[in-house]
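# Could you work out the structure for the sequence below:
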Amino acid sequence: MQRVIMKQVLFLILLAVAVVMVMGIVICTNVNAQGLGLDLFQDWDWDDDWDDWDRGSRVSPVFRYNRVEGLYLGFRVNKEYWRRRYSSRPFLFGFSGYAFKVKELQYQIGVEKGFFDEYRLAFGGEYHRMIDTPDRWMISDMENSLAAFLIKEDFHDFYMREGGSAYLKQNFTRDITLSAAYHYDNLDSLERNAGWSLFGGKKEFRENPPMASGEIRSVVGKLVIDTRNSEKRTTRGWYIQIEGEHAGNELGGDFEFDRLLVDVRRYQPLGFGEGFDLRLRAGTSQGELPWQRTYHLGGLSTLRGFSYKAFPHGPMDAGGNRMILAQLEYRMGSQDLPDELDWGLLERFNLILFVDAGWVGFTDIENGFFEGFESLTWSKLKSDVGIAFASRSGNIRFQIARRTDTNEKPYVFSFRINRPF
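Here you go, the predicted structure:
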């Protein structure tokens, strides 16, 4: 059995090298035709530049494409810009735009007032009507829009929400932030509307899953500790987010539950361009969760060797109420590659080896936060291994993942323009 696995891992590495060589030949051909150097691919990351431009603007255009909204065009008044520029003055924020296929005008209007510069305290409120998704932690709007527009693959699931919120946010240090908010929303399910893509051929978009409808009233508390040296080009530091939500009971509404989500990441440098990146993500709850708050794993930024939202029962069904995900990446800069891999072209890429392991389960809705995990066993834990060739920041990457529980179609190939975490 071990010999079979070793052969498959060796095949995985050789296949990745072959694909990267083909990619490099194409890149070299295109770049030479334009009279540019290969450093263009190495140093430029689409998502980095997009985000930097977006955050530096007072108002920025917004556009996206997916199977529910079709084409969405609008603009956004950026909250972060005004927070940095006028930390102690009130300001307006929000967005407005139109989704052509679903024929919906979406908008948000809000106001925030801050106090103090060093340890900023802020309070604010907003009202909105928008089409939202619970899946941005897996894939960004821009990357999902490109996949939908180009290859007819839409990885977000969508629902309508209309309501408002009021919040307080306290910065204790530059790295530690605590916030509390009250939310009320009317939720509604949506259907697939769009069916076109540039290169999708006869492939069809999957249906949008039917989600919970009704009124939700909740309070949410969130603690964020962020010591990363960079948000998009992270090489060292911690990122810790602990979020708790209480809905229903004395607050009213159609849903009653308590939910806890913890996300811990460590970026540990070992040398120039070399390091370990680790993420542990866990979710639990008490009460009956609406579809939008349940837990799914599989594909993309989660279990990369499996299909999208494969667990617990696929993307069309509600997820579980218990979840654990662990991910480890070992990244090597081109200068750290062994001499045997000194093949010229390979030096233009960073090498990443990764492993993912996770589980989604169910337990009685009356159980407490820490009950129900006893059903997790090694046999129920799903895992995969993989290899990626990436740009220096790790955002642009071609990766191959192999699930470890079967020999049947075990490989998943993907091209990403965002790091998984």
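
# in the protein, what secondary structure element scores lowest on mean pLDDT?
Here the helix or strand of the chain ranked lowest by mean pLDDT, DSSP states H and E is helix 39-43, holding a mean of 40.

# strand partners of the helix or strand containing residue 259, parallel vs antiparallel please.
Using DSSP states H and E, residue 259 sits within strand 257-271. Paired neighbours of strand 257-271 in the sheet (DSSP bridges): strand 237-247 (antiparallel), strand 274-287 (antiparallel).

# how far is that strand from where the chain is centred?
Per CA atoms, centre = their mean, to the nearest Å, the displacement of strand 257-271 from the mean C-alpha position of its chain is 13 Å.

# average pLDDT for that strand?
Averaging pLDDT along strand 257-271 gives 96.

# Pull out the buried positions in that strand.
Buried residues in strand 257-271, counted by 16 or more other CB atoms under 10 Å: 257, 258, 259, 261, 263, 265, 266, 267. For the C-beta atoms, the positions are set from N, CA and C on the backbone; glycine is no exception.

# contacting residues for the fourth one?
To tie it back to what came earlier, the one meant is residue 261. The contact partners of residue 261, by CB atoms under 8 Å, 6 or more residues apart in numbering, come to 241, 242, 243, 244, 281, 282, 283.

# ok, the fifth one to residue 310 distance?
With distances defined as CB to CB, to the nearest Å, the gap from residue 281 to residue 310 amounts to 17 Å.

# Mark out where each domain of the protein begins and ends.
1-37+212-421, 44-153+162-167+182-199 (automatic domain parsing).

# Mind checking which of residue 281 and residue 310 has more residues around it?
residue 281 (22 against 19; other CB atoms under 10 Å).

# bridging residues for that one?
Applying DSSP bridges to residue 281, the residues it is bridged with are residue 263, residue 325.

# how many neighbours does residue 316 have?
Neighbours around residue 316, by other CB under 10 Å: 12.

# make that residue 133, sorry
19.

# Low-confidence stretches in the stretch 1-150 of the chain?
1-56 (pLDDT under 70).

# hmm, 90 instead?
Along the stretch 1-150 of the chain, segments meeting pLDDT under 90 span 1-58, 80, 82-88, 117-118.

# Just the strands from it, written as ranges.
59-66, 70-77, 91-99, 104-115, 121-132 (DSSP state E, counting those that start in this stretch).

# about what we covered before: which among the domains of the chain is found nearest to residue 176?
domain 1-37+212-421 (5.3 Å; CB to CB).

# ok now that closest one, how far from the chain's centre?
For domain 1-37+212-421, the distance to the chain centre is 9 Å (CA atoms, centre = their mean).

# give me every residue that touches the closest residue to residue 241 other than its chain neighbours.
Nearest residue to residue 241 in three dimensions, chain neighbours excluded: residue 263, at 4.5 Å (CB to CB, 6 or more residues apart in numbering). The contact partners of residue 263, by CB under 8 Å, 6+ apart, come to 239, 240, 241, 242, 279, 280, 281.

# redo that, cut-off 10 Å
137, 224, 239-243, 279-283, 325, 421 (CB atoms under 10 Å, 6 or more residues apart in numbering).

# okay if I get those as a markdown table plus distance to residue 128?
Listed next are those as a markdown table, based on distance: CB to CB, whole Å:
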| residue | distance to residue 128 |
| --- | --- |
| 137 | 20 |
| 224 | 22 |
| 239 | 27 |
| 240 | 28 |
| 241 | 22 |
| 242 | 25 |
| 243 | 19 |
| 279 | 30 |
| 280 | 32 |
| 281 | 27 |
| 282 | 29 |
| 283 | 25 |
| 325 | 29 |
| 421 | 27 |
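
# List just the nearest of the residues you listed to residue 205.
Nearest member of the contacts of residue 263 to residue 205, counting by CB to CB, is residue 137, at 21.5 Å.

# confidence score at the residue nearest to that closest one when sequence neighbours are not counted?
Closest residue to residue 137 apart from its sequence neighbours, by CB to CB, 6+ apart: residue 301 at 7.2 Å. Note on residue 301: pLDDT of 95.

# on that earlier part again, quick check, nearest of the contacts of residue 263 to residue 403?
residue 325 (14.9 Å).

# Give me the number of neighbouring residues for that closest one.
Neighbour tally, residue 325, other CB under 10 Å: 22.

# can you pull the contacts of it?
263, 279-283, 295, 297, 301-303, 356-360, 382, 421.

# again, only this time at 8 Å
By CB under 8 Å, 6+ apart, the neighbours of residue 325 are 279, 280, 281, 282, 297, 302, 303, 356, 357, 358.

# Look up how far residue 152 lies from it.
In this view, residue 325 and residue 152 are 28 Å apart by CB to CB.

# do the same with residue 158
16 Å.

# Ok, residue 256 next?
Residue 256 is 39 Å from residue 152, by CB to CB.

# higher neighbour count, the two?
Legend: neighbour count by other CB under 10 Å for residue 256 and residue 152, higher for residue 152 (21 against 18).

# any weak-confidence spans in the stretch 251-400 of the chain?
271-274, 332-350, 374-379, 391-395.

# where along it do the strands fall?
Under DSSP E, counting those that start in this stretch, the stretch 251-400 of the chain gives strands at 257-271, 274-287, 322-332, 350-361, 382-390, 397-403.

# got the angle for the first one vs strand 322-332?
Between the direction of strand 257-271 and that of strand 322-332, the angle (axes from the mean of the first three to the mean of the last three CA atoms, to 10 degrees) works out to 10 degrees.

# and if you look at the fifth one?
Using the same axes, to 10 degrees, the direction of strand 382-390 lies 30 degrees away from that of strand 322-332.

# need the contact list for the residue nearest to residue 137.
137, 138, 139, 418, 420, 421.

# Can you point out the buried residues in stretch 225-244?
225, 228, 232, 234, 235, 237, 239, 240, 241, 243, 244.

# Show the end-to-end separation of it, please.
Chord length of stretch 225-244, first to last residue, is 15 Å (CA to CA, to the nearest Å).

# Give me the contact list for it.
45, 47-48, 51, 175-177, 220-224, 258-269, 275, 277, 392-393, 395, 419.

# so for it, what's the average pLDDT?
For stretch 225-244, the mean confidence score works out to 94.

# Could you shift the numbering so residue one becomes 528, and keep it that way?
Sounds good: first residue 528 from here, last item stretch 752-771.

# So residue 891 versus residue 813, what's the distance?
Residue 891 sits 10 Å away from residue 813, going by CB to CB.

# And the two? Which one has more around it.
residue 813 (21 against 9).
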